[in-house]
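Q: need a structure here:
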Amino acid sequence: MKFLLDMPVSPTLLEVLQAHQHIGVHAAHIGQQQAADVELLAIAQREDRVIITADLDFPRLLALSSERGPGIILFRGGNYSDQEMRELLDRVLREVPAEKLRQSVCVVDKKRVRITPLPLIRSP
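A: Numbering: from 1, shown residues only. Got it, this is the predicted structure:
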(Lines give C-alpha, C1' and ligand atoms only; values in the text may rest on other atoms or scores of the structure.)
Protein backbone atom coordinates (compact mmCIF):
# COMPACT_ATOMS: atom_id res chain seq x y z
CA MET A 1 0.00 0.00 0.00
CA LYS A 2 1.14 3.57 -0.64
CA PHE A 3 1.08 6.53 1.76
CA LEU A 4 1.56 10.30 1.64
CA LEU A 5 2.86 11.88 4.84
CA ASP A 6 1.71 15.43 5.47
CA MET A 7 4.03 18.11 6.87
CA PRO A 8 2.87 17.85 10.52
CA VAL A 9 4.15 14.27 10.79
CA SER A 10 7.74 13.17 10.99
CA PRO A 11 9.52 11.67 7.98
CA THR A 12 10.75 8.95 10.37
CA LEU A 13 7.32 7.33 9.95
CA LEU A 14 8.57 6.18 6.55
CA GLU A 15 10.69 3.60 8.38
CA VAL A 16 7.57 2.15 10.05
CA LEU A 17 5.85 1.93 6.67
CA GLN A 18 8.86 0.15 5.16
CA ALA A 19 8.93 -2.32 8.05
CA HIS A 20 5.36 -3.27 7.09
CA GLN A 21 6.27 -3.54 3.38
CA HIS A 22 4.47 -0.31 2.47
CA ILE A 23 5.67 2.59 0.32
CA GLY A 24 5.56 6.16 1.55
CA VAL A 25 6.60 9.66 0.58
CA HIS A 26 6.74 12.75 2.74
CA ALA A 27 5.31 15.97 1.28
CA ALA A 28 8.66 17.72 1.82
CA HIS A 29 10.52 15.05 -0.15
CA ILE A 30 8.37 15.59 -3.24
CA GLY A 31 8.48 19.39 -3.17
CA GLN A 32 5.01 19.76 -1.67
CA GLN A 33 5.91 21.33 1.69
CA GLN A 34 3.89 24.47 0.81
CA ALA A 35 1.03 22.63 -0.91
CA ALA A 36 -2.53 23.35 0.12
CA ASP A 37 -4.47 20.48 1.66
CA VAL A 38 -6.68 20.19 -1.43
CA GLU A 39 -3.55 19.73 -3.55
CA LEU A 40 -2.29 16.96 -1.29
CA LEU A 41 -5.71 15.30 -1.41
CA ALA A 42 -5.57 15.39 -5.21
CA ILE A 43 -2.08 13.84 -5.23
CA ALA A 44 -3.19 11.11 -2.83
CA GLN A 45 -6.28 10.36 -4.93
CA ARG A 46 -4.34 10.31 -8.19
CA GLU A 47 -1.58 8.07 -6.79
CA ASP A 48 -3.89 5.89 -4.63
CA ARG A 49 -2.15 6.89 -1.39
CA VAL A 50 -3.49 7.01 2.17
CA ILE A 51 -2.69 10.33 3.86
CA ILE A 52 -1.02 10.34 7.27
CA THR A 53 -1.52 13.66 9.03
CA ALA A 54 -2.26 15.58 12.22
CA ASP A 55 -4.25 18.21 10.28
CA LEU A 56 -8.01 18.27 10.96
CA ASP A 57 -8.71 19.92 7.60
CA PHE A 58 -8.39 16.66 5.66
CA PRO A 59 -11.49 14.94 7.13
CA ARG A 60 -13.41 18.20 6.78
CA LEU A 61 -12.47 18.45 3.09
CA LEU A 62 -13.53 14.83 2.53
CA ALA A 63 -16.85 15.48 4.27
CA LEU A 64 -17.50 18.54 2.10
CA SER A 65 -16.69 16.62 -1.07
CA SER A 66 -18.39 13.31 -0.15
CA GLU A 67 -15.43 11.55 -1.80
CA ARG A 68 -14.70 7.90 -1.05
CA GLY A 69 -11.00 8.56 -0.69
CA PRO A 70 -8.23 8.88 -0.09
CA GLY A 71 -8.12 7.16 3.24
CA ILE A 72 -6.67 9.14 6.12
CA ILE A 73 -4.76 8.25 9.26
CA LEU A 74 -5.23 11.24 11.57
CA PHE A 75 -3.19 11.71 14.75
CA ARG A 76 -5.25 13.56 17.39
CA GLY A 77 -5.01 14.42 21.04
CA GLY A 78 -1.93 16.54 21.50
CA ASN A 79 1.71 16.67 20.63
CA TYR A 80 3.48 13.40 20.00
CA SER A 81 7.16 12.64 20.01
CA ASP A 82 8.51 10.94 16.90
CA GLN A 83 8.76 7.70 18.89
CA GLU A 84 5.13 7.90 20.05
CA MET A 85 3.95 8.48 16.47
CA ARG A 86 6.05 5.57 15.26
CA GLU A 87 4.57 3.24 17.90
CA LEU A 88 1.01 4.37 17.18
CA LEU A 89 1.45 3.97 13.42
CA ASP A 90 2.91 0.52 13.95
CA ARG A 91 -0.15 -0.37 16.02
CA VAL A 92 -2.53 0.88 13.32
CA LEU A 93 -0.72 -1.05 10.58
CA ARG A 94 -0.81 -4.25 12.67
CA GLU A 95 -4.48 -3.94 13.72
CA VAL A 96 -6.33 -2.32 10.82
CA PRO A 97 -6.62 -4.20 7.50
CA ALA A 98 -5.11 -2.35 4.53
CA GLU A 99 -8.39 -2.23 2.62
CA LYS A 100 -10.10 -0.59 5.60
CA LEU A 101 -7.35 2.07 5.74
CA ARG A 102 -7.95 2.87 2.06
CA GLN A 103 -11.67 3.44 2.64
CA SER A 104 -11.77 5.16 6.04
CA VAL A 105 -10.69 7.97 8.27
CA CYS A 106 -8.67 6.33 11.02
CA VAL A 107 -8.39 8.64 14.05
CA VAL A 108 -5.53 7.72 16.35
CA ASP A 109 -4.85 9.00 19.83
CA LYS A 110 -2.85 7.65 22.74
CA LYS A 111 -5.75 5.55 24.04
CA ARG A 112 -7.63 4.26 21.00
CA VAL A 113 -8.11 3.98 17.26
CA ARG A 114 -11.47 4.94 15.74
CA ILE A 115 -12.45 4.02 12.18
CA THR A 116 -15.07 5.96 10.20
CA PRO A 117 -15.90 4.59 6.74
CA LEU A 118 -15.85 6.87 3.70
CA PRO A 119 -17.64 8.75 2.35
CA LEU A 120 -18.14 10.99 5.36
CA ILE A 121 -21.69 12.28 5.69
CA ARG A 122 -22.03 15.91 6.70
CA SER A 123 -24.47 16.80 9.45
CA PRO A 124 -26.98 19.53 8.54
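
Q: mind listing the helices for this protein?
A: Here the chain has its helices, by DSSP state H, at 13-19, 37-47, 57-65, 82-95, 98-102.

Q: Could you point out which of the ones you listed sits nearest Leu4?
A: Closest of the helices of the chain to Leu4 is helix 37-47, at 4.8 Å (criterion: Cβ to Cβ). (Glycine included, C-beta is placed from N, CA and C.)

Q: what's in contact with the closest one?
A: Residues outside helix 37-47 that contact it (Cβ atoms under 8 Å, 6 or more residues apart in numbering) are 2, 4, 6, 27, 32, 35, 49-51, 55, 57-58, 61-62, 67, 69-70.

Q: 7 Å - rerun?
A: For helix 37-47, contacts defined as Cβ atoms under 7 Å, 6 or more residues apart in numbering pick out 2, 4, 6, 27, 32, 51, 55, 57-58, 61, 69-70.
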